[in-house]
Structures are given as structure tokens and as C-alpha cells.
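**Q** Okay, sequence plus prediction incoming.
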Amino acid sequence: MSTTTNQPLTKTLATGGPDQVRILLGVRDANLRLLQQAFPVRIVAREGKLSVTGEADDVEKASAVIERLLAQVKRKKTLTDRDVAEALRAAADRAAAFTEETEAPRAPAAPSAVRSGFPISPRSRGQARYLSAIDENDLVFCAGPAGSGKTYLAVAMALHALKTERVRKIVLVRPAVEAGEKLGFLPGDMLAKVNPFLRPLLDALRDMLDFEQVQRYMEHDVIEIVPLAFMRGRTLNETFMILDEAQNTTVTQMKMFLTRMGTDSKIVVTGDETQNDLPASVTSGLNDAMKRLKNVPGTACVNLDGNDIVRHRLVREIVKAYDDRPHSVEK
């Protein structure tokens with residue numbers, strides 16, 4: 001009678017050379033230690049190559065994280081602590097996600113947009129519901145806390161729709177609402193003044209596409225980033241529109257934006273009611289629209305919460321602390 005033993009598997013990963021390996025491993029091999037703490041594998045660097053040894057499943061998981069980090073090193077020529085922590089957290093989330101398949105909503109295929117060479121996919125059940133809603137409806141509202149992926153995933157789905165030729169154009173919109181600093185005090189012309197409000201949308205794009213591709217899309221009017229006020233009077237066909245920071249729209253502004261939808265278009269509206277910068281007497285257009293339109297066919301309303309936050313681990317604690325004492329006043 002023969003017995004079988006699980007033989008260790010060794011996988012060799014190609015790199016861009018010793019310099020990329022040095023950046024990947026980190027100062028005094030700090031990143032290497034984190035990788036080996038996260039996965040029961042042995043990682044050896046030799047002659048510009050990496051070998052990963054361990055049980056087959058562990059080797060594949062560790063290799064996927066290393067390849068993601070190597071792609072970031074190749075693109076950015078650097079690697080931050082945040083990059084490493086996010087890659088390890090993403091791997092842990094994928095391992096733990098959807099263990100109870102009957103409770104988890106069915107998510108659409110992962111968007112073809114990639115971040116640093118790594119496919120973008122939902123990292124919580126709430127995010128899976130959100131992507132499914134976008135896939136299945138033409139108008140989606142998403143409310144949730146900072147860091148829950150509202151805007152990021154919407155941009156990923158917009159790029160996915162563009163690449164699969166479901167739309168011809170992407171329009172990213174934000175209201176230019178002042179939060180403590182008056183626009184008139186900022187230097188430059190009007191475009192320079194509104195640029196800070198639109199910057200988060202551009203950052204999301206540049207995280208998924210290389211700089212030249214973003215520039216090319218914008219120069220050819222395939223991707224447009226505009227303040228909400230510039231949307232009045234337009235009708236957009238075959239367009240994926242995203243309205244970000246929608247809690248800072250009025251009811252009238254929201255109606256104006258929603259009625260820009262033309263044939264074969266899709267709209268995603270995102271916001272966080274806890275970060276409302278409107279005067280106390282003004283009703284938020286996001287809250288109003290979600291109540292008015294929640295039962296309209298082809299429309300979906302998704303609420304994300306602290307469990308969907310995927311930024312630094314402290315963001316969940318910060319959001320929770322403010323939610324627990326929403327009316328505290330500094331003395």
C-alpha cells in the first residue's frame with residue numbers, strides 16, 4: 001500500500017531585475033517579512049528572480065500578491081507601506097469573502113478595468129450588491145461612508161462599459177460646493193478654481209489607466225470631467241454618467257442632472273449624507289431622490305456601511321466614532 005505526501009511546490013516569478021526586487025522586499029526586507037507572516041511560504045530572491053515555496057494553495061495566493069506588487073513597482077518605481085497593506089488586505093478579503101454563497105448576492109463579472117495590473121473586484125458583500133445593481137439597472141443611487149468604494153467602483157464599471165462598447169462616453173460630475181474656503185479666494189480662472197473639486201475623480205481614473213491613456217481619452221472627449229453646473233441643457237446618449245458627492249446637490253440640481261440621461265445611457269449617483277456641506281435649511285438632492293425614485297423600475301438604491309470600508313483600517317474606526325456621537329460639539 002503506497003502513501004502520498006504533499007510535496008512542497010516552488011514557483012519562480014520573473015521580475016524586472018534586481019532593482020525591482022529590492023523595492024519589493026522593502027527596507028531591511030520589511031515587506032518580505034510581512035509577506036511571509038501573511039502566507040506560510042518561503043520567499044527567496046536570487047539573481048533578479050523570486051522563488052516562492054510552500055503548499056500549492058499558499059504559493060498561488062502569495063504569488064498573486066507578489067505579482068500585484070511587482071506591477072505597482074514597475075509602474076510607479078516605488079512601493080509604499082499602504083500598497084503592501086492594501087494588497088495583503090485584498091488577498092485576505094478574497095479568501096474570506098462569500099463563504100456562505102447562498103447569502104451573498106451574485107456579482108457581475110469583475111470589471112475589465114485594472115488597478116496597477118490587478119483586476120478590480122468587490123471586496124465586501126455590500127460592494128457586490130452595488131456592482132450587481134449597476135450591471136442590472138440604468139439608474140443607481142449609492143449612499144455610504146468614506147472609503148466604501150462608492151466612486152471608485154462606479155468609475156471601474158464605467159471603464160468596463162466603455163471597453164465593452166456598451167457606451168461611447170464617460171462623464172464624471174461633481175457639485176462645486178464650498179466647504180469652509182470660498183472659491184473666490186482661490187487663485188486662477190474658473191477652471192483652476194473648480195479643479196480641486198474634480199481632482200478625486202481624476203485620481204480614480206489615473207489609478208486604473210496610465211497617464212497617456214487618460215490624456216488621450218480626455219483630448220478626444222471620450223472621458224469628460226465637469227462641474228455639475230456645466231451639465232444644464234445637455235442630453236447625453238450612450239453615456240455612462242457618474243455624479244459624485246451628490247449629498248451636496250439641491251433637489252433642483254438633482255432633477256436637472258438626472259434628466260440629462262439620453263438613450264442607452266446609464267447614471268450612477270454616489271454620496272455620503274454625513275458629509276453634507278449644504279446649509280441646514282436646504283434638502284439634500286441625494287436623500288430626496290432616493291426616496292422619490294426607489295420604486296421606479298430600472299432604478300436601484302444601495303446603502304453601504306462601515307463593513308464596506310476598504311481604506312486604511314483606521315478609517316472604519318474614525319467613521320464609527322463620528323457616527324456614535326454625531327452631534328458632539330467642540331468646547
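**A** Arrived safely.
**Q** okay, CA-based contacts and neighbour counts for the rest of this
**A** Fine.
**Q** these two touch, right, V268 and T239?
**A** No - counting by C-alpha atoms under 8 Å, V268 does not reach T239; the two are 11.2 Å apart.
**Q** Neighbour count: the two, which is higher?
**A** Higher neighbour count among V268 and T239: V268, with 28 against 25, using other C-alpha atoms under 10 Å.
**Q** The more buried one pairs with what?
**A** Beta-bridge pairing for V268 (DSSP bridges): V140, I242.
**Q** how much space between it and S284?
**A** Counting by C-alpha to C-alpha, to the nearest Å, the gap between V268 and S284 amounts to 16 Å.
**Q** Could you pull out the strands in the stretch 51-200 of the chain for me?
**A** Counting by DSSP state E, counting those that start in this stretch, the stretch 51-200 of the chain has these strands, from start to end: 114-115, 118-119, 139-143, 169-174.
**Q** Tabulate those in JSON lines, adding columns for mean pLDDT, mean neighbour count and distance to T249.
**A** Formatted as JSON lines, the strands of the stretch 51-200 of the chain follow (pLDDT from 0 to 100; neighbours: other C-alpha atoms under 10 Å; distance: least, C-alpha to C-alpha, whole Å):
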{"stretch": "strand 114-115", "mean pLDDT": "52", "mean neighbour count": "18", "distance to T249": "30"}
{"stretch": "strand 118-119", "mean pLDDT": "53", "mean neighbour count": "16", "distance to T249": "32"}
{"stretch": "strand 139-143", "mean pLDDT": "96", "mean neighbour count": "25", "distance to T249": "13"}
{"stretch": "strand 169-174", "mean pLDDT": "93", "mean neighbour count": "24", "distance to T249": "9"}
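**Q** Any chance of these in a markdown table with distance to R22 as columns?
**A** Output for the strands of the stretch 51-200 of the chain, formatted as a markdown table (distance: least, C-alpha to C-alpha, whole Å):
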| stretch | distance to R22 |
| --- | --- |
| strand 114-115 | 22 |
| strand 118-119 | 21 |
| strand 139-143 | 41 |
| strand 169-174 | 38 |
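**Q** Low-confidence stretches in this structure?
**A** Along the chain, the parts satisfying pLDDT under 70 run over 1-7, 92-120, 177-198, 310-313, 315-316, 319, 323-331.
**Q** who touches the longest helix along it?
**A** When the chain is parsed with DSSP state H, its longest helix is helix 56-76. The contact list for helix 56-76 (C-alpha atoms under 8 Å, 6 or more residues apart in numbering) reads 8-11, 13, 15-16, 20, 23-24, 35, 39-41, 52-53, 78-79, 83-84, 87-88, 91, 116-118.
**Q** residues of that helix that come out buried?
**A** For helix 56-76, burial by neighbour count (16 or more other C-alpha atoms under 10 Å) applies to 56, 58-63, 65-74.
**Q** repeat for stretch 12-26
**A** Taking 16+ other C-alpha under 10 Å as the criterion, stretch 12-26 shows 15, 20-21, 23-26 as buried.
**Q** can you give me the helices in the chain?
**A** Ranges of helices in the chain, per DSSP H, are 18-25, 30-38, 56-76, 81-96, 125-136, 150-163, 190-208, 211-219, 251-258, 285-293, 313-324.
**Q** Comparing the ones you listed, which stretch has the densest surroundings?
**A** Highest mean neighbour count of the helices of the chain: helix 150-163, a mean of 23 (counted as mean count of other C-alpha atoms under 10 Å).
**Q** Which secondary structure elements does it sit against?
**A** Judged by 3 or more C-alpha pairs under 8 Å, 6 or more residues apart in numbering; DSSP states H and E, helix 150-163 is in contact with helix 125-136, strand 169-174, helix 190-208, strand 239-243, strand 266-271.
**Q** Quick one: distance of that helix to the chain centre.
**A** Centre-to-centre, helix 150-163 and its host chain are 9 Å apart (C-alpha atoms, centre = their mean, to the nearest Å).
**Q** between it and strand 239-243, how many degrees?
**A** On the basis of axes from the mean of the first three to the mean of the last three C-alpha atoms, to 10 degrees, helix 150-163 is oriented at 170 degrees to strand 239-243.
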